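J.: Next input, structure requested:
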Amino acid sequence: MKQNLIHIENMTKVYIMGTQEVHALRGVSLDISENEYVAVMGPSGSGKSTLMNMFGCLDTPTSGVYQFKGNDVSVMTDNELARIRNKEIGFVFQSFNLLPRSNALHNVELPLIYAGISAHDRRERAMDALTNVGLGDRVHHKPNELSGGQRQRVAIARALVTKPSIILADEPTGALDSKTGEEIMILFEDLYKAGNTIILVTHEEDIARHARRVIRLKDGHIETDDTRVGHLEAIHA
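T.: Sure, this is the predicted structure:
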């Protein structure tokens with residue numbers, strides 16, 4: 001039986017902007033199980049970035065329930081939240097967020113350094129992660145010596161190296177041309193088939209169609225939550 005990784009119930013998020021209240025999320029409820037491939041979509045201001053921050057334990061709800069692997073996120077200390085972000089969640093960003101003066105191997109090792117893994121073990125794990133994304137021959141290259149697609153592969157290897165419960169990707173193809181973006185989506189497909197749980201935040205329909213479930217937000221509410229439109233077969237039928 002699949003484990004429930006995320007349980008959200010009637011969650012709200014209100015930001016105070018000067019004298020005004022901005023309601024980013026309005027009573028959102030959903031569950032995400034292990035080995036799901038979910039795309040979160042919505043126009044600007046729909047709440048998808050706020051929801052991504054919640055998924056990633058980068059923010060906490062104003063009200064409602066957010067449980068990660070059965071634990072209530074709202075009562076966690078900053079250190080507990082940091083541990084979840086480092087160990088349980090692999091982040092992939094549109095802008096790659098790589099250290100420009102460090103080679104691919106060191107960039108991938110970084111989360112393991114924070115986790116206190118020994119130098120020998122983290123080098124071995126970083127090598128494995130880079131090999132798994134097709135960059136075994138580029139480990140000593142710095143970001144400016146790699147193409148955009150290769151840089152995103154380094155970022156994905158870094159997300160994978162801690163063996164996280166969830167890979168959280170925010171517009172992962174936004175800085176790439178369409179051909180390279182498609183190659184990155186094929187890589188995500190392979191990661192999903194290998195048993196990884198993937199949550200993808202995107203505004204692009206052709207990227208979302210790779211997922212198996214599509215959640216659409218509008219004005220802080222879930223407008224639709226469809227497990228059928230995410231299938232490639234359904235889209236191309």
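J.: Any idea which residue is closest to the centre of this structure?
T.: residue 168 (0.7 Å; C-alpha atoms, centre = their mean).
J.: For that residue, give its distance to residue 58.
T.: Residue 168 sits at a distance of 10 Å from residue 58 (criterion: C-beta to C-beta, to the nearest Å). Where C-beta positions appear, they are placed from N, C-alpha and C, glycine not excepted.
J.: Test my guess that the residue nearest to the centre of the chain contacts residue 89.
T.: Yes - if you go by C-beta atoms under 8 Å, residue 168 and residue 89 touch, sitting 5.6 Å apart.
J.: quick one: least confident helix or strand in this structure?
T.: Scoring the helices and strands of the chain by mean pLDDT, DSSP states H and E places helix 232-236 at the bottom, with a mean of 44.
J.: Can you check which residues contact both of residue 168 and residue 89?
T.: 55, 56 (C-beta atoms under 8 Å, 6 or more residues apart in numbering).
J.: residue ranges with poor pLDDT in the protein?
T.: For the chain, the stretches flagged by pLDDT under 70 are 1, 228-237.
J.: Tell me which other helices or strands the longest helix along the chain touches.
T.: Ordering each helix of the chain by length in residues (DSSP state H) puts helix 178-193 first. When contacts are defined as 3 or more C-beta pairs under 8 Å, 6 or more residues apart in numbering; DSSP states H and E, helix 178-193 packs onto helix 148-160, strand 166-170, strand 198-201.
J.: What ranges does this protein have for its strands?
T.: Assigned by DSSP state E, the chain shows strands spanning 4-17, 20-33, 37-41, 63-68, 71-72, 89-93, 166-170, 198-201, 213-218, 221-226.
J.: any idea how far residue 74 lies from residue 14?
T.: Look at residue 74 and residue 14: by C-beta to C-beta, they are 14 Å apart.
J.: measure residue 154 to residue 177 for me?
T.: Relative to residue 177, and taking C-beta to C-beta, residue 154 is found at 18 Å.
J.: Please say which of these two ends up with more neighbours.
T.: Using other C-beta atoms under 10 Å as the criterion, residue 154 and residue 177 rank with residue 154 on top: 26 against 12.
J.: Provide a list of residues in contact with that one.
T.: Applying C-beta under 8 Å, 6+ apart to residue 154 gives the contacts 96, 98, 104, 107, 108, 130, 133, 135, 143, 146.
J.: quick one, what contacts the third one?
T.: Listed by C-beta under 8 Å, 6+ apart, the contact partners of residue 104 are 130, 135, 138, 139, 140, 141, 142, 143, 146, 154, 157.
J.: Pick out whichever of those sits closest to residue 31.
T.: Among the contacts of residue 104, residue 157 lies closest to residue 31 (C-beta to C-beta), at 28.8 Å.
J.: Mark which of the contacts of residue 154 are buried, thanks.
T.: Buried by 16 or more other C-beta atoms under 10 Å: 96, 98, 104, 107, 108, 130, 133, 135, 143, 146, out of those.
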